[in-house]
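Enquirer: Mind folding the following:
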Amino acid sequence: MKFAGIIAEYDPFHNGHAWQLAQAKLLGAEHIAVAMSCSLVQRGALPLLPEAVRTLAALTCGADLVFALPAPCACAGAEAFARAGVALLSAAGCDGLVFGAETPDAALLMEAAALLDSDAYRAALKAQLSGGAKSFAAARQAAAAQLAPDGRVAALLDKPNNNLAVEYCRAIRCLAPQMEAHPLPRQGAGHGEALHAAHGSFASASALRRLWAEGGAEAIAPYVPEAVFPLYREAHAAGQYTDFSAAGRCELALLRSACRGETPFGQVRGISEGLEHRLEAAVRASTTYDGLLDALTTVRYPRARMRRLAMDAALGYAADSFPSLPPYLHLLGGRKDALPFLKGCSLPTSHSLARLRESGEACVRMAEAQLAAADFGALCRVSPEAMGSLLRQKNIFLT
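Expert: Numbering: from 1, shown residues only. Sure thing, here's the model as predicted:
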């Protein structure tokens, strides 16, 4: 592996992310490209910090190129998220993908990916779902256990990072067979896990967002690289971070304004099984964003999926609004010695989103969807910004 790729959110960038970049270099990577969630993140929300802060943090700690994973691709289920990230990094020329997993066994992850891509698995999954499985996750594990009785694959699918790792491997098999998979063990606290002294200086991004909410940038200082912390302190002082309370109310306002005519959410991406009616009823009855999610969430419909559904509905993301894979490479920043790699990219590439919009109809649709999310996020910061800030954003170059 000479040119490594990493798919990330860096929400916010922390010591675990810096460790991953360093490990990629130890694995032989001479350069590293990052596909970073832009304007929205996979849990169906705005990121804590804007792209410029997260990009500069990544470049400061070892990344060479940072590309935007467009908002519609970033705010998607694990399979679509992984496919978009792998497609983007493959187009950039990466020959390896580095990612975290609770079980960093590349051969086993690829075995699981092959199983999930098989016709036998699809038939077993369909049988589990029609047989009354409590949730998709439960049906998935049961189908895997049925086809791989030794239990290793089913056990693998019981962990959040393993699930995403398997989706990365599936995407590699389908879209980028030239890529090698390089799983790394997750460091410190797991996703959503409370901080503990045993975790040392490693904390999950979700834990750091909670610390920021309680004590601002100073509260996360022990868990982020020393070189990056001034960026966070400056962003906090300038109000360049998301006010999640305001974001929730703004999202609910967008959803209320969409409640016009019959089945106003019938065309929203991800709608199935009558969810458009459930969503409309919840929007009409809810007075808070958390209340909306409470009304939507069930065992069958997990909260993360409902957050993504609500965000898609608020931003008007229909199933046919944009292509499923990124049609361009939007460069957010890079080191100058890595810029020659851009000449070999297999998709239209530019630091200017305005220029990329001129690269064809698919690029127009993806860029417009991206701008909708960016403008929403700009309004929901502690110090709100005007529309179109993403079009005016300067590229970040480091020597």
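Enquirer: Any regions of the stretch 201-350 of the chain where pLDDT drops low?
Expert: The stretch 201-350 of the chain contains no residues with pLDDT under 70.
Enquirer: Show me where it has its strands.
Expert: 329-335, 349-350 (DSSP state E, counting those that start in this stretch).
Enquirer: Dump those into a markdown table; add mean neighbour count as well.
Expert: (Each C-beta comes from the backbone N, C-alpha and C, glycine too.) Formatted as a markdown table, those follow (neighbours: other CB atoms under 10 Å):
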| stretch | mean neighbour count |
| --- | --- |
| strand 329-335 | 24 |
| strand 349-350 | 19 |
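Enquirer: number of nearby residues for Glu102?
Expert: 17 (other CB atoms under 10 Å).
Enquirer: Could you report the pLDDT at it?
Expert: Note for Glu102: predicted pLDDT of 94.
Enquirer: Please report the distance of the closest residue to Leu292 other than its chain neighbours from Ala258.
Expert: Nearest residue to Leu292, sequence neighbours excluded (CB to CB, 6 or more residues apart in numbering): Ser286, at 4.0 Å. Per CB to CB, to the nearest Å, Ser286 is found 14 Å from Ala258.
Enquirer: Likewise for His351?
Expert: On the measure of CB to CB, His351 and Ala258 end up 33 Å apart.
Enquirer: Then Leu371?
Expert: Look at Leu371 and Ala258: by CB to CB, they are 18 Å apart.
Enquirer: hang on, the earlier thing: list the residues that contact the residue nearest to Leu292.
Expert: For Ser286, the contact set (CB atoms under 8 Å, 6 or more residues apart in numbering) comprises 252, 292, 295.
Enquirer: is it true that the first one touches Ala285?
Expert: So that's Leu252. No. Leu252 lies out of contact with Ala285 (CB atoms under 8 Å); the separation is 11.2 Å.
Enquirer: More neighbours: those two, which one.
Expert: Counted by other CB under 10 Å, Leu252 and Ala285 do not tie: Leu252 has more neighbours, with 20 against 10.
Enquirer: Now for that one: which residues touch it?
Expert: 283, 286, 288-289, 292 are the contacts of Leu252 under CB under 8 Å, 6+ apart.
Enquirer: Grab the two from those residues that are most spread out in space.
Expert: Val283 and Thr288 (11.7 Å; CB to CB).
Enquirer: More neighbours: these two, which one.
Expert: When Val283 and Thr288 are compared for neighbours, Val283 comes out ahead with 23 against 12, by other CB under 10 Å.
Enquirer: any idea how far Ala29 is from that one?
Expert: Taking CB to CB, one finds Val283 at 46 Å from Ala29.
Enquirer: isn't there a helix covering Ala80?
Expert: Yes. Checked against DSSP: H, G, I helix; E, B strand; the rest coil, Ala80 lies within a helix.
Enquirer: how deep is Arg43 tucked in, by neighbour count?
Expert: If you count neighbours by other CB under 10 Å, Arg43 ends up with 18.
Enquirer: which residue sits closest to it in space, ignoring its chain neighbours?
Expert: Setting aside the residues directly before and after it, Arg43 is nearest to Ala304 in space (CB to CB, 6+ apart), at 5.5 Å.
Enquirer: so who does that neighbour touch?
Expert: Taking CB under 8 Å, 6+ apart, we find Ala304 in contact with 42-44.
Enquirer: ok, 10 Å please
Expert: Applying CB atoms under 10 Å, 6 or more residues apart in numbering to Ala304 gives the contacts 42-45, 77-78, 160, 293, 297.
Enquirer: Ok, Gly28 next?
Expert: 1-2, 4, 96, 182.
Enquirer: repeat that for 7 Å
Expert: By CB atoms under 7 Å, 6 or more residues apart in numbering, the contact list for Gly28 reads 1-2.
Enquirer: Surely Leu231 is in contact with Val53?
Expert: Yes. Contact criterion CB atoms under 7 Å: Leu231 and Val53 qualify, at 5.4 Å.
Enquirer: Which parts of the stretch 251-399 of the chain are helices?
Expert: 275-285, 289-296, 303-315, 353-356, 361-379, 389-392 (DSSP state H, counting those that start in this stretch).
Enquirer: Highest mean neighbour count out of these?
Expert: Neighbour counts (mean count of other CB atoms under 10 Å) averaged over each of the helices of the stretch 251-399 of the chain peak at helix 303-315, with a mean of 23.
Enquirer: so how far does stretch 346-364 reach from one end to the other?
Expert: End-to-end distance of stretch 346-364 (CA to CA, to the nearest Å): 18 Å.
Enquirer: what does that stretch contact?
Expert: So stretch 346-364 is contacted by 91, 323, 327-331, 342, 367, 370, 390-391, 395 (CB under 7 Å, 6+ apart).
Enquirer: All set now, cheers.
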